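J.: here is my input; please provide its structure:
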Amino acid sequence: MPLWAGRALAASLLLGALAGLARAQSAPDCSDLVKRLDRIVAHYVDAGSRAIEKEDPGPALDRARKDALKGDAGATVAMIGIPLILRGRQDMFSVATIRQVCTFAERNGLLLHVAACAYFVALNPLGEKDEKRAMLEAMLARFASSRPDAPVGAPVSRAALQEEVEALRACLPRA
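T.: Numbering: from 1, shown residues only. Reported below is the predicted structural model:
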């Protein structure tokens with residue numbers, strides 16, 4: 001093999017290795033999706049905590065419901081957070097909580113609800129794979145197609161939620 005061909009081969013191997021390393025460094029850590037969901041859920045818990053700091057849990061939940069019925073989509077975050085606090089285990093989600101989050105994602109489109117629902121669907125070990133994939137893709141598309149000024153729903157930035165959603169999208173198998 002001529003010297004120039006050997007150098008070209010070595011250079012192409014080196015470039016390939018560097019490209020693979022760059023992809024590996026920019027890829028999200030797919031082993032931490034549950035931690036990412038926990039960060040999203042923390043916003044619900046924080047909203048619930050703020051609501052019950054002002055009044056007892058029952059009246060705080062009633063107020064959040066009334067505000068939500070009046071059109072305050074952000075009040076739905078506290079509506080979910082208060083029961084999470086009352087149950088005492090924010091890492092265990094009832095079916096009712098998951099349904100409520102996903103229903104709010106469909107109805108009021110708060111980006112926090114959309115991101116949380118996407119994680120609930122993706123991490124659910126039960127259910128038909130194709131149905132779950134379709135639901136998840138719908139949530140991811142809804143997030144991606146939302147207006148730049150779409151309401152977020154908590155003191156979290158759209159950019160932070162975007163990062164969580166992109167990590168979820170990157171970690172999903174394409175099967």
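J.: please count neighbours and contacts with C-alpha atoms only from this point.
T.: OK.
J.: show the average pLDDT along the helix or strand hosting residue 106.
T.: If you go by DSSP states H and E, residue 106 is part of helix 95-107. Per-region confidence: helix 95-107 scores 92 on mean pLDDT.
J.: find the centremost residue of the chain, please.
T.: Centrality entry for the chain: nearest residue to the mean C-alpha point is residue 115, 3.2 Å, by C-alpha atoms, centre = their mean.
J.: is it true that that residue touches residue 161?
T.: Yes: counting by C-alpha atoms under 8 Å, residue 161 is a contact partner of residue 115 at 6.8 Å.
J.: quickly list what's touching both of the two.
T.: Counting by C-alpha atoms under 8 Å, 6 or more residues apart in numbering, the contacts common to residue 115 and residue 161 are residue 40.
J.: poorly predicted segments of this protein, please.
T.: Low-confidence segments of the chain (pLDDT under 70): 1-28, 89-91, 173-175.
J.: the helices in it, which residues?
T.: With helices called from DSSP state H, the chain shows them at 3-26, 33-54, 57-69, 75-87, 95-107, 111-123, 129-144, 158-171.
J.: show me what the fifth one is packed against.
T.: For helix 95-107, the elements it packs on are helix 75-87, helix 111-123, judged by 3 or more C-alpha pairs under 8 Å, 6 or more residues apart in numbering; DSSP states H and E.
J.: how far does that helix sit from the chain's center?
T.: Distance, stretch centre to chain centre, for helix 95-107: 13 Å (C-alpha atoms, centre = their mean, to the nearest Å).
J.: what comes up buried for it?
T.: In terms of neighbour count (16 or more other C-alpha atoms under 10 Å), helix 95-107 has its buried residues at 97, 98, 100, 101, 102, 104, 105.
J.: check whether the first one really touches residue 79, as I assumed.
T.: No: the pair residue 97 and residue 79 does not pass the contact test of C-alpha under 8 Å, sitting 9.9 Å apart.
J.: roughly how far does the nearest residue to the residue nearest to the centre of the chain once chain neighbours are set aside sit from residue 63?
T.: Excluding the flanking residues, the one nearest residue 115 by C-alpha to C-alpha, 6 or more residues apart in numbering is residue 165, at 6.2 Å. From residue 165 across to residue 63, the span is 30 Å (C-alpha to C-alpha, to the nearest Å).
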